[in-house]
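K.L.:
coordinates for the following, if possible.
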Amino acid sequence: MISLKKLSRYYHTLKYVKPIQIRYQIYYRLRKKYREFVKHSYPYIKPSKTNDLYFSGGINSYETFFAGQKKREFTFLNLSHSFEDKIDWNFQGYGKLWTYNLNYFDYLNQKNISKDHALTLIEEFLSDIENVKDALEPFPISLRGINWIKFLTENKINDSKINDSLYAQYAILMDNLEYHLLGNHLLENGFSLLFGAYYFGDEILLQKAKEILIVQLNEQILEDGAHFELAPMYHQIMLFRLLDCINLLKNNQNIFDNKEFLDFLTQKAVLMLGWLLSITYDNANVPHFNDSTNDIAPSSKDLFSYAKSLNIEFEKSRLKECGYRRFDRNGYELIVDVGNIGPDYIPGHAHSDTFNFELVVDRKGVIVDTGISTYETNERRSLERSTKAHNTVVVNETDQSQVWSSFRVARRAKIVELEESESEVLATHDGYKRFGVYHTRKFIASNDKVEIVDKIKSKKDRLFKCVAYFHLHPEIKEIKKEDNKIIINCAILTFKGSINIEIADISIAEGYNNLRSSKCIKVTFLNGLETQINIVK
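P.N.:
Sure, this is the predicted structure:
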C-alpha cells in the first residue's frame, strides 16, 4: 500500500509532466514488452555511403584515455579503471554515468590519442556490439555518433565496417528518440542526427534533426540566452554542440543547402554566448548553480574562442528570464538566484536553492555553492540538492522545494514577488506556504559591501526557527568569530537578529567524486535576519 505522503509526492511530481512525455513513456514500455515477446532485435549493420566532411577547428575533449604497454586506462568523473585485455563496455563498477562516459567515445577527440589507438577502440567496440547494453541507449548513441564522425573526418578514415555500423546505430537512435525525457536529451539527439545526416547524406535524418532542433532550441533557449535547465555546466555543453553544428553547416554547404537553418542556429548561438559572457566570472569560472561542476563542459574561454573562429559576434546579455542577477562592484562579483526551478516538466538538474548566491572577491571564490559530486541515488546526492547545501535560508528544517530520488522534484518554490533596480533585488518565494510562511530576501550591492535582508512572514505571526547558510570556499583557512561577526581574510560578515552563529565542517564538491573540506557559517534566527558583508581590501 502506497502511503499518502508518497502519493502526494508522486502527484506533485507528475502534474507538471507533458502529455508527450507520458505518451512516449507508455509507448516505449509497451513496445519493449512486445518486442521481448517476439524476440525483436536491431540489425547492427546497415549499408551506407558517406561524404567527406570538413571542419574548421573546434575544441579538444578532456584527456580521459591513457594507453600503456599492456593496459588501457580510462578516467571519468575522477575515477580511473584499467582494462588489461578486452574492454568491458558494460563495466558497472562506478555507476551508470561512468559507463555512459566510456561509451560516449569523447576520448577519440582528445589531443594526445594516436590514430591507431583510437581505431583499435572503435574496432573493439564493434566486435562486442551485440553484447553492449547501455551503449545502445539513445543518449550514448547520440554523443558517440558525433565523436566518431569528428574523429573519422579529422583523420580522413573511410572504413565501411565502421560506417555501416554507425549508420545502423543511427537507425536505432531514430527509433528511440527521447521524447519521453525531452530537455537536453532530445536536444542531443537532434544535434547528433544533424551530424549523421551530413555524414551519410541522409535527408530523412536531416529533416528529423531540423524538426527537433527548431522546436527544441526555440523552447529551451530563453529570451536572455540561458538554457532553460538553468545549470551553467549544461549551458556550456549545449552551446558546444550548437557551435559544432554551425561548424558542420558552414563548411559543408556542398552537401545540403541549409543557409536559412544555419542562420537560425547562429542566432541561437549568439543568444547563448551573450548569456554565458554575462554569467562567467572575471576569473573565467561559472557559478555552480544547480547541476554544475568542474572539468565536464568546455570552458567559457574555449567556447568564446571557438565562436570567434567561426566569425560569430556576440555581446553580454541582460540577465532576466533565467532568474539570475549579477552585481559587479569595486573588487567583487555577486550572482544571485531569484528565479523559479525550471523547466517545470523536466527539473532533473534543479536544486532546492531559491535565493542562493555566490560571492567572488578579487577573482577568488569566497561564498560558493557546494556543487555536485555524484548522480547516484544516495545520501550525498540528496544533500547536494537540498536547501541547506546552498547559500539561502531553511525554515522548519524543511527544503523549500521537495527534491527526491536523483532527478525528481515534487512541490517546488515559486517566486511570487520580484522588485529590482541597478543595485538591489527583492524577491519572495512560497516554498514554505504549507506552513503559512513566505520568505522574502533582499540583496543590496554597494561599492564595498553586500547587504542581505531576510524576512520570514507568517499569516498568524508565529515564530519559526530559521537557519541561514553561508558556504565558504575551501581556500579560506582563517576564520574568526567575534560576537555577532565572522572575520575572514577578505570580508567581515555581521549578523543582526541572530540567536546563534556556528561554524560547521562541510565538504565542497569540486568535481564528480572530488570533495574538499571546507567551512560553513550557520546562522540561526527567528523570522528576521540582516547580514552585512563588508569587503576587506
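
K.L.:
so which strand or helix has the residue nearest the centre of the chain?
P.N.:
Here the mean C-alpha position of the chain is nearest to the C-alpha of residue 234 (Cα atoms, centre = their mean), at a distance of 3.2 Å. Taking DSSP states H and E as the criterion, residue 234 maps to helix 232-251.

K.L.:
ends of stretch 107-122, how far apart?
P.N.:
11 Å (Cα to Cα, to the nearest Å).

K.L.:
measure residue 391 to residue 459 for me?
P.N.:
Separation of residue 391 from residue 459 (Cβ to Cβ, to the nearest Å) stands at 27 Å. Every C-beta, even on glycine, is put in place using the N, C-alpha and C of the backbone.

K.L.:
those two: who's more crowded?
P.N.:
Comparing residue 391 with residue 459 by other Cβ atoms under 10 Å, the one with more neighbours is residue 391, at 24 against 10.

K.L.:
which SSE is the more buried one in?
P.N.:
Short version, using DSSP H and E: residue 391 is in no helix or strand.

K.L.:
rewinding a little: thought the residue nearest to the centre of the chain was touching residue 220?
P.N.:
No: using Cβ atoms under 8 Å, residue 234 is not in contact with residue 220, being 10.1 Å away.

K.L.:
surely residue 118 forms part of a helix?
P.N.:
Yes: assigned with DSSP: H, G, I helix; E, B strand; the rest coil, residue 118 falls within a helix.

K.L.:
does the closest residue in space to it that isn't next to it in sequence belong to a helix, a strand or coil?
P.N.:
Using Cβ to Cβ, 6 or more residues apart in numbering and skipping the chain neighbours, the partner closest in space to residue 118 is residue 108 (5.0 Å). Following three-state DSSP, we place residue 108 in the helix state.

K.L.:
quickly list what's touching both of residue 234 and residue 220.
P.N.:
Common contact partners of residue 234 and residue 220 (Cβ atoms under 8 Å, 6 or more residues apart in numbering): 184, 227.

K.L.:
for stretch 131-140, buried residues please.
P.N.:
132, 134-140 (16 or more other Cβ atoms under 10 Å).

K.L.:
that older thread, and the helix holding residue 234, average pLDDT?
P.N.:
Helix 232-251 carries an average pLDDT of 98.

K.L.:
picking that back up, for the residue nearest to the centre of the chain, give its distance to residue 372.
P.N.:
In terms of Cβ to Cβ, residue 234 sits 12 Å off from residue 372.

K.L.:
joint contacts of these two?
P.N.:
291-292.

K.L.:
now do the helices in the stretch 201-350 of the chain.
P.N.:
Secondary structure of the stretch 201-350 of the chain, counting by DSSP state H, counting those that start in this stretch: helices at 203-220, 232-251, 259-279, 300-309.

K.L.:
and the angle for the last one with helix 232-251?
P.N.:
When axes from the mean of the first three to the mean of the last three Cα atoms, to 10 degrees is applied, the directions of helix 300-309 and helix 232-251 differ by 20 degrees.

K.L.:
report the angle between helix 300-309 and helix 259-279.
P.N.:
Angle, helix 300-309 to helix 259-279, by the same axes, to 10 degrees: 150 degrees.

K.L.:
in helix 300-309, which residues are buried?
P.N.:
For helix 300-309, burial by neighbour count (16+ other Cβ under 10 Å) applies to 300, 302-304, 306-307.

K.L.:
what's the answer for the first one, then?
P.N.:
Going by neighbour count (16+ other Cβ under 10 Å), the buried part of helix 203-220 is 205-206, 208-210, 212-213, 216-217, 220.

K.L.:
ok, residue 393 to residue 26 distance?
P.N.:
From residue 393 to residue 26 the distance is 40 Å (Cβ to Cβ).

K.L.:
tell me which of those two has more neighbours.
P.N.:
residue 393 (26 against 11).

K.L.:
look up how far residue 440 lies from the more buried one.
P.N.:
Separation of residue 393 from residue 440 (Cβ to Cβ) stands at 10 Å.

K.L.:
joint contacts of these two?
P.N.:
454, 456.

K.L.:
off-centre distance for the helix holding residue 234?
P.N.:
15 Å (Cα atoms, centre = their mean, to the nearest Å).

K.L.:
list the buried residues for that helix?
P.N.:
Result for helix 232-251 [16+ other Cβ under 10 Å]: buried residues 232-250.

K.L.:
okay, the angle between it and helix 203-220?
P.N.:
Using the same axes, to 10 degrees: helix 232-251 against helix 203-220 is 140 degrees.

K.L.:
helices and strands around helix 232-251, which ones?
P.N.:
For helix 232-251, the packing partners by 3 or more Cβ pairs under 8 Å, 6 or more residues apart in numbering; DSSP states H and E come out as helix 138-154, helix 183-200, helix 203-220, helix 259-279, helix 300-309.

K.L.:
quick one: residue 523 is in a helix?
P.N.:
No: when three-state DSSP is applied, residue 523 is found to be strand, with no helix at that position.

K.L.:
any idea how far the closest residue to residue 432 other than its chain neighbours lies from residue 529?
P.N.:
Distances taken as Cβ to Cβ, 6+ apart place residue 395 nearest to residue 432, at 4.9 Å, with adjacent residues excluded. Distance, residue 395 to residue 529, by Cβ to Cβ: 12 Å.

K.L.:
shared neighbours, those two?
P.N.:
With Cβ under 8 Å, 6+ apart as the test, residue 395 and residue 529 both reach residue 466.

K.L.:
residue 255: which of the buried residues of stretch 131-140 is nearest?
P.N.:
residue 138 (24.3 Å; Cβ to Cβ).

K.L.:
wait, the closest one sits on residue 177?
P.N.:
Yes: using Cβ under 8 Å, residue 138 is in contact with residue 177, at 6.5 Å.

K.L.:
tell me who's in contact with residue 404.
P.N.:
9, 13, 382, 410.

K.L.:
how about a cut-off of 10 Å?
P.N.:
Contact partners of residue 404, counting by Cβ atoms under 10 Å, 6 or more residues apart in numbering, are 6, 9-10, 13, 377, 382, 385, 410.

K.L.:
which members of those residues are classed as buried?
P.N.:
Buried members of those, counted by 16+ other Cβ under 10 Å: 9, 13, 385, 410.

K.L.:
so what touches the one helix or strand the first one maps to?
P.N.:
In other words, residue 9. Secondary structure from DSSP H and E places residue 9 in helix 4-14. With Cβ under 10 Å, 6+ apart as the test, helix 4-14 has contacts from 2-3, 21-22, 345, 347, 401-402, 404-405, 408-412.
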